[in-house]
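S.K.: 3D model of this:
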Amino acid sequence: THHSPRRNPHSPPKRRRAHQVLQMASNSGGPGIPRNLGIHVARGKYFTILDADDWLAPRGMAELVALLESSGDKYAAGKTIVVSDLGERWVGKYYSNRQRINAQLGDIPLLFHHLAPPGRIMETEFVRRNSLAFPDLKFSEDTIFYMEVLLRAGTISTSSEVVYYANRLGENSASLTTQTSLAEKMEAKELALHYVLGRGLDVALERQVLSRFYDLDFVTRVLKRRRYLSSSNKSEYHEIMAPLFSAEALLRYPVRELFASELNYHLYEICRRQDYELLASLLLWHLDLPHERYFDPLQGRFYEVTPKGVADLPVDLVAALTSVSAQGDRVCITVSALGDFVSIEGLRLTNRRRSAVEFVIPLFKRDGNGLVFVASLKEIEVAVGGDASIALVFDDFKRVSVEGHIDGVGSFYTTVNDRLGYRHRP
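M.R.: This next block holds a predicted model:
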């Protein structure tokens, strides 16, 4: 007879296994089914989705858990960094640019533009209680799922802490995203578009969600690409756009309100009119930088001169460098800002190779269009740790380069494109 050894009553209780691995009997063909299975068996208070070829930042998850514990929110998101052969790129700036607690969905206008697994956690029981699940699709299943989670949650907490690294390196060619054709992707987006239209959302919320499809998925990712211009079968692209034109009849507001930029709206309208020659002309103009522009004193802003047949486009903000001076450890940068903006967030220095590494010089003083920024040179050197681009950040997350020429002042210099830059001097 087998006798199990008695357990010492003073010894600590056995710890449950921290993780479990489930093997699917066969390939599901898409990520929805295995993700739903994972949510079903999850034992933690919160869960996240980590794709097999990506990785997590050391402190990111702890930051998001702390946010949910303190806020009572059901959904939190942080910074995602895309890693490619060209370096690192920060995506989703409009929600992960700063910390927010109990933010309303409308407080982050472009929130629905980034609905993907990277960099977010949710309360497990909340998702189960609301019977939320990934649809069984090869593509865009995450768009529908995360949209529903956000709509049910109603509020969100955000962090500027790096949470997730998305692998887009050359050897990652096996990714399902890279293997899915444009036509397949857009068929899935069309399904999601009509799902939203049939959802019966409040007008303001529906408009915010649909902006993602019209402005980002179809115009930016289909038309606003060199591959469209170089394609020998442009009719394929025009057919992809057709569902948007048909869906206009179901909108309760002008379609113009779905576009964050004047350029995207013009591209949409020109395509809808089937003026494909003008469409190509405007796209070529867009890709051929820099653009000629002029200042309209009556409007107090700059305009870019567009091809004939398209109204000149307003520029949100032009930042012109006035001066850079250094005294001891302090640097003072003055900038003239002209345009249509509400707030100035600061001057952001971003490491040219690692976009997660940055330093913000806060606004010291504002006098009309004149902006003054003051910072410690040592703090900048330690925080940035390499050559950096410099942008003026305004209206929460928008950014523009600082134009102008200076003779080098310390580590600050003028780039070949007459932009203010920072050169690290070890």
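S.K.: count of residues packed around Ala183?
M.R.: By other Cβ atoms under 10 Å, 12 other residues sit near Ala183. Just so you know, the C-beta spots here come from the backbone N, C-alpha and C atoms, and that holds for glycine as well.
S.K.: surely it meets Glu236?
M.R.: Yes. Shown here, Ala183 and Glu236 form a contact pair, counting by Cβ atoms under 8 Å, at 7.0 Å.
S.K.: Where does the prediction get shaky in this protein?
M.R.: Applying pLDDT under 70 to the chain flags the ranges 1-18, 171-180.
S.K.: Could you point out the longest strand of it?
M.R.: Ranked by residue count under DSSP state E, the longest strand found in the chain is strand 155-168.
S.K.: ok, and for it, which residues are buried?
M.R.: If you call a residue buried by 16 or more other Cβ atoms under 10 Å, then strand 155-168 has these buried ones: 155-166, 168.
S.K.: And stretch 237-256, by the same measure?
M.R.: Within stretch 237-256, the residues scored as buried using 16+ other Cβ under 10 Å are 237-238, 240-241, 243-244, 247, 251, 255.
S.K.: for stretch 374-381, same thing?
M.R.: So for stretch 374-381, counting by 16+ other Cβ under 10 Å, buried means 375, 380-381.
S.K.: What about those, which are in helices?
M.R.: 380-381 (DSSP state H).
S.K.: Turn the buried residues of stretch 374-381 into a markdown table, including distance to Asp296.
M.R.: Output for the buried residues of stretch 374-381, formatted as a markdown table (distance: Cβ to Cβ, whole Å):
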| residue | distance to Asp296 |
| --- | --- |
| Ala375 | 33 |
| Ile380 | 36 |
| Glu381 | 40 |
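S.K.: of the buried residues of stretch 374-381, closest to Arg35?
M.R.: Distances from Arg35 to the buried residues of stretch 374-381, taken as Cβ to Cβ, are shortest for Ile380 (42.1 Å).
S.K.: For the residue nearest to that closest one when sequence neighbours are not counted, grab phi and psi.
M.R.: Nearest non-adjacent residue to Ile380, counting by Cβ to Cβ, 6 or more residues apart in numbering: Phe359, 5.5 Å away. With angles defined as degrees, to the nearest 10, Phe359 sits at phi -150, psi 130.
S.K.: Just checking the distance from stretch 351-370 to the centre of its chain.
M.R.: How far stretch 351-370 lies from its chain's middle: 19 Å, per Cα atoms, centre = their mean, to the nearest Å.
S.K.: May I have the distance across it, first residue to last?
M.R.: 26 Å (Cα to Cα, to the nearest Å).
S.K.: Which residues outside that stretch are in contact with it?
M.R.: Outside stretch 351-370, the residues within contact range by Cβ atoms under 8 Å, 6 or more residues apart in numbering are 79, 81, 87-90, 162, 322, 332-338, 344-350, 371-375, 379-380, 383-389, 393.
S.K.: same question, stretch 310-323
M.R.: Taking Cβ under 8 Å, 6+ apart as the rule, stretch 310-323 contacts 262-263, 266, 270, 278, 282, 293, 299, 301-306, 332-341, 370, 392, 394-395, 398, 400-406, 420.
S.K.: strand partners of the particular helix or strand that has Leu371 in it, parallel vs antiparallel please.
M.R.: Using DSSP states H and E, Leu371 sits within strand 370-376. Using DSSP bridges, strand 370-376 pairs in its sheet with strand 330-339 (antiparallel), strand 363-367 (antiparallel).
S.K.: looking at those, which is buried most?
M.R.: strand 330-339 (a mean of 18; mean count of other Cβ atoms under 10 Å).
S.K.: Toward the C-terminus, what is the element adjacent to that one?
M.R.: strand 344-351.
S.K.: relative to strand 330-339, how tilted is that next one?
M.R.: Angle of strand 344-351 versus strand 330-339, following axes from the mean of the first three to the mean of the last three Cα atoms, to 10 degrees, is 120 degrees.
S.K.: Quickly run through the sheet partners of strand 344-351, with directions.
M.R.: strand 358-361 (antiparallel), strand 388-394 (antiparallel).
S.K.: most packed of those?
M.R.: Among the strands paired with strand 344-351, strand 388-394 has the highest mean neighbour count (mean count of other Cβ under 10 Å), at a mean of 22.
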